[in-house]
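K.L.:
I need the structure of the sequence given here:
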Amino acid sequence: MIDDNAPLLVFGGPYSNLQATIAMRVEAERLGIPACNVVCTGDVVAYAAAPEQTVQLIRDWGIAVVAGNCE
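P.N.:
As a prediction, this is how the structure comes out:
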């Protein structure tokens, strides 16, 4: 359930870029944005070097994910 008192973070296109996805999570935590207020608009895998690790990070983070055209 979304926390109405916290900002909403929407991002897309991690494209298997583990370092960028980690940076996004760190920034969300720095800003106090809870996982329930984070939405990834898809394209989690493709192109970059760490598809499995990026998927695992997204799963562990517990955020909502909308399927992109790469899924």
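K.L.:
now do the residue most central in space within the chain against residue 17, distance only.
P.N.:
By CA atoms, centre = their mean, the chain has its centre lying nearest to residue 40, at 4.8 Å. To residue 17, residue 40 is 12 Å away according to CB to CB, to the nearest Å. Where you see a C-beta, it was placed from the backbone N, CA and C, and this is true even at glycine.
K.L.:
which residue is the nearest non-sequential neighbour of the residue nearest to the centre of the chain?
P.N.:
Of all residues beyond its chain neighbours, the one nearest residue 40 is residue 65 (4.6 Å), with distances taken as CB to CB, 6 or more residues apart in numbering.
K.L.:
could you do residue 22 as well?
P.N.:
Residue 22 sits nearest to residue 57 (CB to CB, 6+ apart), 6.7 Å away.
K.L.:
tell me who's in contact with the one you found.
P.N.:
Residues near residue 57 by CB atoms under 8 Å, 6 or more residues apart in numbering: 18, 21-22, 25.
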